[in-house]
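1. The following comprises the amino acid sequence and a computationally predicted model.
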Amino acid sequence: NEIADAFLANDIPKLSTKINQYTKLLIGDGNRGLAGQLLNQVRPNIVRSIASVYETISLSKMAKKLDLTSEADVEMILLKMFSQGTRNSENFDFRLKIDQENSYVHFNVKGSEHKNSLKLDEMATGAMVDKIVSYTRQCVRMAERVRNLDISLSTSAKFQSKTYLKQKQNKTSNTESSSETDTGKSVILPEQVRAPS
């Protein structure tokens, strides 16, 4: 009865303590696995109760309520709930978004878009994954086109001749600018002196 009471109270520490306290008895009865399933079901029950009370809650506060150590663990619990089809059950009648930028969970949010939010219902259906794959393919194709263009430009005779002419002009202009003194007057270099005719 103590295990059932802890489960119904959604008290994770107490439930864990009671399961550990009665481990030998549970193993003897063949119910240790069932007790473990209770422990796994407590957090989704707590999420449901949080969703019925809060419209928005910080991930850190939710981590405390779920007896977790990090915000990432909260996100994983929420993702797991959606991926296991919990959303389709009659007890899961809310939608949520995780605002990763501000570290909040928004329950029952409809129609409003949050920048840098992770929409779990899209992720669960695979729509988000399909979008990512599509964008990745577009990026790969674009990178391939840029690489091919770079190769064709750098190996074309016209490009190479223009590059050679620019380099030659730069060399000539550097030589002319280095022939001026600090005062700005030109100095005649020996190669510029002509022999008398």
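-> Yep, it's here.

2. ranges for the strands of this protein?
-> 56-58, 96-99, 104-107, 117-119 (DSSP state E).

3. Single out the most deeply packed of those.
-> strand 96-99 (a mean of 22; mean count of other Cβ atoms under 10 Å). All C-beta spots, glycine's among them, are computed from the backbone N, C-alpha and C.

4. Run the chain-centre distance for that strand.
-> On the basis of Cα atoms, centre = their mean, to the nearest Å, strand 96-99 sits 14 Å off its chain's mean C-alpha point.

5. And it, what does it pack against?
-> helix 71-83, strand 104-107, strand 117-119, helix 120-125 (3 or more Cβ pairs under 8 Å, 6 or more residues apart in numbering; DSSP states H and E).

6. JSON lines for the strands of the chain, including distance to residue 33 and mean pLDDT?
-> Output for those, formatted as JSON lines (distance: least, Cβ to Cβ, whole Å; pLDDT from 0 to 100):
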{"stretch": "strand 56-58", "distance to residue 33": "32", "mean pLDDT": "90"}
{"stretch": "strand 96-99", "distance to residue 33": "30", "mean pLDDT": "82"}
{"stretch": "strand 104-107", "distance to residue 33": "31", "mean pLDDT": "85"}
{"stretch": "strand 117-119", "distance to residue 33": "33", "mean pLDDT": "49"}
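
7. which residues of the chain score low on pLDDT?
-> Residue ranges of the chain with pLDDT under 70: 83-94, 109-130, 175-197.

8. Dump the strands of the chain to TSV, plus distance to residue 45.
-> As requested, these are exported to TSV (distance: least, Cβ to Cβ, whole Å):
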stretch	distance to residue 45
strand 56-58	16
strand 96-99	15
strand 104-107	15
strand 117-119	23
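
9. Residues contacting stretch 58-71, please?
-> Residues outside stretch 58-71 that contact it (Cβ atoms under 8 Å, 6 or more residues apart in numbering) are 12-13, 43, 46-47, 50, 73-75, 77, 98, 103-105.

10. Separate out the buried members of these.
-> When those are checked for burial by 16 or more other Cβ atoms under 10 Å, the buried set is 12, 43, 46, 47, 50, 73, 74, 75, 77, 98, 104, 105.

11. Right, I'll call it a day here.
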